[in-house]
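*Asks:* please work out how this folds:
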Amino acid sequence: MTLSAFIAVLISVESGGNDWVPGDKGKAVGALQIHRGVVEDVNRFAGTRFTHRDMHRRDVAIYCATVYLTHYCTKERLGHVPTAEDFARVWNGGPDGWKEPATIRYWKRVKPKLK
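*Replies:* Numbers count the residues shown, from 1 in each chain. Below you'll find the model as predicted:
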């Protein structure tokens, strides 16, 4: 599965495809339910100037998710070739989410939606 197809699955899990649904008591926005910290990381890595509000734009949210996941999910960082589980758990739990027990529940929501 491509990262693009995987992100489409995340959109389904996170918001059901709604670009305007608020999440996490208003702290997460857009179809991918992006928090400010993700936007700040992406701006730092990519030299962009996105705002949290920009995450309502699906194209921008997908770009940010792609940058974030490809930055944190690398063989060098994880010690193994990243799997779909790694990508899902990092998306849910942040840079070290791939090893956090709290992200296993999220992975169990994502896994059945993968083709």
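*Asks:* how about the helices of the protein, start to end?
*Replies:* Using DSSP state H, the helices found in the chain span residues 3-15, 36-46, 58-72, 75-78, 84-93, 104-110.
*Asks:* which one of those is the most hemmed in?
*Replies:* Highest mean neighbour count of those: helix 84-93, a mean of 23 (counted as mean count of other CB atoms under 10 Å). Yep, even glycine has a C-beta here, placed from its N, CA and C like the rest.
*Asks:* which strands or helices does that helix pack on?
*Replies:* Contacts defined by 3 or more CB pairs under 8 Å, 6 or more residues apart in numbering; DSSP states H and E place helix 84-93 against helix 3-15, helix 58-72, helix 104-110.
*Asks:* now the residue nearest the centre of the chain, nearest residue through space, not along the chain?
*Replies:* Closest to where the C-alpha atoms of the chain average out (CA atoms, centre = their mean) is residue 91, at 3.6 Å. Ranked by CB to CB, 6 or more residues apart in numbering and with sequence neighbours excluded, the top spatial neighbour of residue 91 is residue 10, at 6.0 Å.
*Asks:* and the gap between residue 64 and residue 19?
*Replies:* According to CB to CB, to the nearest Å, residue 64 and residue 19 sit 13 Å apart.
*Asks:* kindly report the same for residue 8.
*Replies:* Distance from residue 8 to residue 19, by CB to CB: 13 Å.
*Asks:* go ahead and confirm residue 45 touches residue 71.
*Replies:* Yes: applying CB atoms under 8 Å as the test, residue 45 and residue 71 come out as touching, 5.2 Å apart.
*Asks:* I'd say residue 36 and residue 29 touch.
*Replies:* No: counting by CB under 8 Å, residue 36 does not reach residue 29; the two are 9.1 Å apart.
*Asks:* between the two, which contacts overlap?
*Replies:* residue 52 (CB atoms under 8 Å, 6 or more residues apart in numbering).
*Asks:* and the nearest residue to residue 23 once chain neighbours are set aside, how far from residue 75?
*Replies:* If the residues on either side of it in the chain are set aside, residue 23 comes closest to residue 33, at 4.2 Å by CB to CB, 6+ apart. Residue 33 sits 27 Å away from residue 75, going by CB to CB.
*Asks:* over to residue 26?
*Replies:* 36 Å.
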